[in-house]
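Participant: Fold the stuff below for me.
(one chain, ligands or ions: 1)
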Amino acid sequence: MAVASAAWKKDPPGPHILVSWKPLYESRRDHITPIARVIQEYGDITLCRLGHVRFYFLNHPDYFQEILVNKHKFMRKDVYFNFLSLVLGNGLLTSEGDFHLRQRRMIQPAFHRERIRGYGESMVRCALALRETWRDGQDLNMATEMMGLTLAIVGKALFNSDVAVEARKVQQALEIILPMDMRYLPPLGWLMRRLPLPSNYRFKQAVRELDEILFRMIEEHRRSGDQGDLLSMLLEAQDEEDGAGMTDRQIRDEALTLFLAGHESTALAITWTWYLLSQHPEVEAKFHQELDEVFQGREPTADDYARLTYTRWVLAESMRLYPPVYINGREALEDTTLGGYTIPKGAQIIYSSYVTQRDPRFFPHPERFDPERWRPEIAEKRHKFAYIPFGAGRRLCIGEPFAWMEGVLVLATLGQRWQARLDPAHSVGLDPRITLRPRNGMPMSLHRRPGAP
Ligand code: HEM
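Facilitator: Reported below is the predicted structural model:
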């Protein structure tokens, strides 16, 4: 047990302070390899120092449990979230403390099982519409296709369908904003933001555009009344303690947060699953067998979700190998201890689910794509915090049930008719940015399954 056995020591091992800059500098471009290397060399808790800032890299489920659950009160989101709050304001992803707790309480009902089931119907409808547009033998970029699909789904769930065009505009503004992340981070981020650069101008312009779109939609929703979507729920939400609702600014922050958090990660999870299925025909055959047994040639519905057990295992295994949110972190609010070491206030604590979920101590033969690992009798023997694609504790992803339903229903609806094969000339690589994207997309060709409806 990593936490219990370590004796008290001042600092964990790690590269010498003069060498620490190397993995930290490298990790500004590739956020996985340098972390994996440092962990491999120095152990499950390591320290890199950049000036006075201390970066602790963690690689053990016990530590995740400590920072995300047992010691969550001594933690806030890491420095990266300062960048996100420039765009998302004080929404669920970026807010802290009592304010976050109040917002979470108010928004949680929008993700209750009954509500999610309603969204399930539109998930299937959107996937059915997409599969009609596909043609036998067609070449396409699966990453782009899945991004378009999840954008349509979240656009419908959040803003109702008529505003799909607006959803696309929001996405375009985000494409300008998000690549600025590394430039706006410490130590020089504050300076970079103030320089009269065209990129800074475009950034501000894009944020203004987001504001315009969101405030206009809030205004329209106020006028038209409940539309059964998430934005309507945000408008009606009241705090159970003081009965107060949210200001328009807060609704803007929450809606934008749900929009941003609610489509790219799911699109990536599904894209990586298409890739893995194409490389593992024996898994693909079992997946098809389940679809044929459950659907019996008819169109899927949201009610089929509960019976698509193998499809869920496939998705779970895909998010083990390619977790869309592959890196995460916290900042220590006070001096605390972890694994017997003192973690001082202000330290940045970083962990990568990509690295830990490929650790043979927790997942034997970790490189193997094996959905059978998710059989309940095997999965329940595993450390609960060894698999954390949705985080854990108070800040667990609020959209997790939405994402499972979406991933399973989309894969099943498209997989009932279509099989995808990777372009043989393409070599698949990682593009680890905020999320784990495939480098240069996922070029695939489509094949209609024999006898498919
Ligand atoms: C496969 C899909 C998804 C993955 C892998 C994912 C992953 C995550 C992770 C790891 C966190 C925790 C971040 C932390 O601990 O710092 C998170 C938080 C969050 N996610 Fe997701 N997410 C997914 C889909 C969704 C969807 C569909 C929505 C909304 C419709 C959503 C909304 C959010 C929000 C609002 C938070 C912040 C929650 C809080 O701090 O209270 N996510 N997500």
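Participant: would you say residue 47 is within a strand?
Facilitator: Yes - counting by DSSP: H, G, I helix; E, B strand; the rest coil, residue 47 is part of a strand.
Participant: Could you measure from it over to residue 36?
Facilitator: Noted for residue 47: a distance of 16 Å to residue 36, by Cβ to Cβ, to the nearest Å. The way it works is simple: take the backbone N, C-alpha and C, and place the C-beta from them, glycine included.
Participant: Identify the residue spatially nearest to residue 56, adjacent ones excluded.
Facilitator: Spatially, and ignoring its direct neighbours in sequence, residue 56 is nearest to residue 349 (4.8 Å; Cβ to Cβ, 6 or more residues apart in numbering).
Participant: how many other residues sit next to the closest residue to the ligand within the chain?
Facilitator: Evaluated by Cβ to the nearest ligand atom, the chain has residue 399 as its residue closest to the ligand, separated by 2.1 Å. By other Cβ atoms under 10 Å, the residues close to residue 399 number 22.
Participant: Mind pulling up the pLDDT for it?
Facilitator: Note for residue 399: predicted pLDDT of 96.
Participant: Surely it is in contact with residue 257?
Facilitator: No - at 10.1 Å, residue 399 and residue 257 do not qualify as touching, with contact defined as Cβ atoms under 8 Å.
Participant: and residue 438, what does it touch?
Facilitator: 143, 268, 271, 272, 275, 428, 429, 430, 431 (Cβ atoms under 8 Å, 6 or more residues apart in numbering).
Participant: make it 7 Å
Facilitator: Residues counted as contacts of residue 438 (Cβ atoms under 7 Å, 6 or more residues apart in numbering) are 143, 271, 428, 431.
Participant: Write a ChimeraX command that selects only the buried members of those.
Facilitator: In ChimeraX syntax, the buried subset of the contacts of residue 438 is picked out as below (16 or more other Cβ atoms under 10 Å):
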select :143,271,428
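Participant: Save the contacts of residue 438 as CSV, and put in distance to residue 41 too.
Facilitator: Below are the contacts of residue 438 laid out as CSV (distance: Cβ to Cβ, whole Å):
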residue, distance to residue 41
143, 33
271, 32
428, 27
431, 25
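Participant: for the record, mean pLDDT for stretch 87-99?
Facilitator: 94.
Participant: burial of the nearest residue to the residue of the chain closest to the ligand once chain neighbours are set aside, as a residue count?
Facilitator: Distances taken as Cβ to Cβ, 6+ apart place residue 262 nearest to residue 399, at 5.6 Å, with adjacent residues excluded. With neighbours defined by other Cβ under 10 Å, the count for residue 262 comes to 23.
Participant: correct me, but residue 262 touches residue 154?
Facilitator: Yes - at 4.4 Å, residue 262 counts as touching residue 154 under the criterion of Cβ atoms under 7 Å.
Participant: for the stretch 1-150 of the chain, which spans come out with low pLDDT?
Facilitator: 1-9, 18-29 (pLDDT under 70).
Participant: next one: the helix or strand containing residue 100 to chain centre, how far?
Facilitator: Using DSSP states H and E, residue 100 sits in helix 97-107. Between the centre of helix 97-107 and the centre of its chain there are 20 Å (Cα atoms, centre = their mean, to the nearest Å).
Participant: Now for the contacts of residue 438: which two are most distant?
Facilitator: Greatest spatial distance among these (Cβ to Cβ): 271 and 431, at 11.8 Å.
Participant: can you map out the strands along the stretch 201-350 of the chain?
Facilitator: Assigned by DSSP state E, counting those that start in this stretch, the stretch 201-350 of the chain shows strands spanning 328-332, 336-338, 341-343, 348-351.
Participant: is it possible to export the ones you listed to a markdown table including mean neighbour count, distance to residue 243 and mean pLDDT?
Facilitator: Shown next, in a markdown table, are those (neighbours: other Cβ atoms under 10 Å; distance: least, Cβ to Cβ, whole Å; pLDDT from 0 to 100):
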| stretch | mean neighbour count | distance to residue 243 | mean pLDDT |
| --- | --- | --- | --- |
| strand 328-332 | 21 | 33 | 94 |
| strand 336-338 | 19 | 36 | 93 |
| strand 341-343 | 20 | 40 | 94 |
| strand 348-351 | 23 | 37 | 94 |
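Participant: Let me have these in TSV, extended by distance to the ligand.
Facilitator: As requested, the strands of the stretch 201-350 of the chain are exported to TSV (distance: least, Cβ to the nearest ligand atom, whole Å):
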stretch	distance to the ligand
strand 328-332	5
strand 336-338	17
strand 341-343	17
strand 348-351	10
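Participant: Mind putting those into TSV with distance to residue 419?
Facilitator: Shown next, in TSV, are the strands of the stretch 201-350 of the chain (distance: least, Cβ to Cβ, whole Å):
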stretch	distance to residue 419
strand 328-332	34
strand 336-338	47
strand 341-343	49
strand 348-351	36
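Participant: Out of those strands, flag the one nearest residue 435.
Facilitator: Taking Cβ to Cβ, strand 328-332 is the member of these nearest to residue 435, at 11.3 Å.
Participant: who's in contact with that closest one?
Facilitator: Identification of contacts with strand 328-332 by Cβ under 7 Å, 6+ apart yields 67, 74-80, 343-351, 391.
Participant: Could I have the buried ones of those residues as PyMOL selection syntax?
Facilitator: For the buried members of the contacts of strand 328-332, the matching PyMOL selection, counting by 16+ other Cβ under 10 Å, is:
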select buried, resi 67+74+75+77+78+79+80+343+347+348+349+350+351
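Participant: Could you pull up the contacting residues of residue 71?
Facilitator: With contact set as Cβ under 7 Å, 6+ apart, residue 71 has these partners: residue 336.
Participant: What residues does the stretch 1-150 of the chain have near the ligand?
Facilitator: For the stretch 1-150 of the chain, the residues in contact with the ligand (Cβ under 6 Å from any ligand atom) are 77, 92, 93, 104.
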